[in-house]
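Trainee: Here is my input, please return the structure:
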Amino acid sequence: MNETNTIQTGPVDKTAIRNAATVIVLRDRLTEPRILMGQRGAKAAFMPNKFVFPGGAVDPDDAGVPLARRMPQVCRERLLQDCESDLTHALATAAIRELWEETSLILGQKAPWEAEPPKDWAGFAQAGYVPDAHPLQFVFRAITPPGRPRRFDARFFLVDADEIATDLDDFSTAQDELSHLQWIPVQKVREFDLPFITEVVLAEIAARAHDLSPPENVPFFNNSKEESMFQRLKGRGPLSGKKISYDED
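Mentor: Take a look at the predicted model:
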């Protein structure tokens, strides 16, 4: 098993590629689409000052967290492609946890937990919810290029804001990792200071904001090897792609 597909259980190697999940919450998608974003701190080691989607690395406990429902099968199949172990459950729960921690929005169903939740999930469980992964739609994957202070194998998930169980404008219990949390109109997002890969993902989302169905395939910026490749994940068959060359902020 290579490090790209390993859930870290010991001390974090800052140069290793860590699995991560990012959530793109799309509001009013059929009328005036808006996306939830926040600003990273000026002293952050990774992407300081940039406006980003909620997200972060997979924690070891995420794999054992119960789900009310799994992600749709087509998304699970595409997550498994070019991945030596099944991380679909851990990625789904990580996405929901990061969304809750960084924005206080809950993607879940009202239900009691059958066992005591991990420490990072205690507040989620106390609110009376079990995480629900079914609304998550896998739409993008990108591995951070070499030479960055942190490297992630990030999977991006789109979720319709109507699926959120709590007040969409209440960020009062969010952690302080992201500031200036706000719903930004899709047509105005590029006025903000964005990472390169975020701009690429936004172009994909803007093109299909009114389409509720899963994409035909999932774009994959694969920087895990010496040559950077742009590929498409279809959930079956061998991967093919073309070389890419770009500068990321």
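Trainee: for this protein, where's the lowest mean pLDDT among helices and strands?
Mentor: Across the helices and strands of the chain, mean pLDDT, DSSP states H and E gives its lowest value to strand 241-243, namely a mean of 77.
Trainee: Give me the contact list for that strand.
Mentor: Residues outside strand 241-243 that contact it (Cβ atoms under 8 Å, 6 or more residues apart in numbering): 220, 222, 227-232. In this view, the C-beta of every residue, glycine as well, is placed from N, C-alpha and C.
Trainee: same thing but at 7 Å, please
Mentor: 227-231 (Cβ atoms under 7 Å, 6 or more residues apart in numbering).
Trainee: next one: stretch 173-188
Mentor: 27, 32-41, 54, 101-104, 171, 192, 206, 209.
Trainee: pLDDT averaged over that stretch, what's the number?
Mentor: Confidence for stretch 173-188, expressed as mean pLDDT, is 93.
Trainee: buried ones in it?
Mentor: For stretch 173-188, a neighbour-count test (16 or more other Cβ atoms under 10 Å) marks 174, 177-178, 181, 183-184, 186 as buried.
Trainee: okay, these in CSV with distance to residue 128 and secondary structure next?
Mentor: Output for these, formatted as CSV (distance: Cβ to Cβ, whole Å; DSSP: H, G, I helix; E, B strand; the rest coil):
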residue, distance to residue 128, secondary structure
174, 18, coil
177, 24, coil
178, 25, strand
181, 23, strand
183, 25, strand
184, 30, strand
186, 33, helix
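Trainee: one step back: which member of the contacts of strand 241-243 is positioned nearest residue 123?
Mentor: residue 231 (37.8 Å; Cβ to Cβ).
Trainee: which non-adjacent residue is nearest that closest one?
Mentor: Spatially, and ignoring its direct neighbours in sequence, residue 231 is nearest to residue 241 (3.4 Å; Cβ to Cβ, 6 or more residues apart in numbering).
Trainee: Can you get me a residue count around that neighbour?
Mentor: 15 (other Cβ atoms under 10 Å).
Trainee: separation between it and residue 232?
Mentor: Computed as Cβ to Cβ, to the nearest Å, the residue 241 to residue 232 distance reads 7 Å.
Trainee: Kindly report the same for residue 17.
Mentor: 20 Å.
Trainee: ok, those two, which is more surrounded?
Mentor: residue 17 (21 against 15).
Trainee: If that one is in a bridge, with which residues?
Mentor: When bridges are called by DSSP bridges, residue 17 pairs up with residue 151.
Trainee: That one contacts residue 143, doesn't it?
Mentor: Yes - in terms of Cβ atoms under 7 Å, residue 17 counts as a neighbour of residue 143; the distance is 6.3 Å.
Trainee: what's the overlap in contacts for the two?
Mentor: 153, 224.
Trainee: Scan the chain for its longest helix.
Mentor: Scanning the chain for the longest helix, with DSSP state H as the assignment, gives helix 88-103.
Trainee: by contact count, what packs against it?
Mentor: strand 17-27, helix 73-80 (3 or more Cβ pairs under 7 Å, 6 or more residues apart in numbering; DSSP states H and E).
Trainee: Determine which stretch of these is the most buried.
Mentor: strand 17-27 (a mean of 23; mean count of other Cβ atoms under 10 Å).
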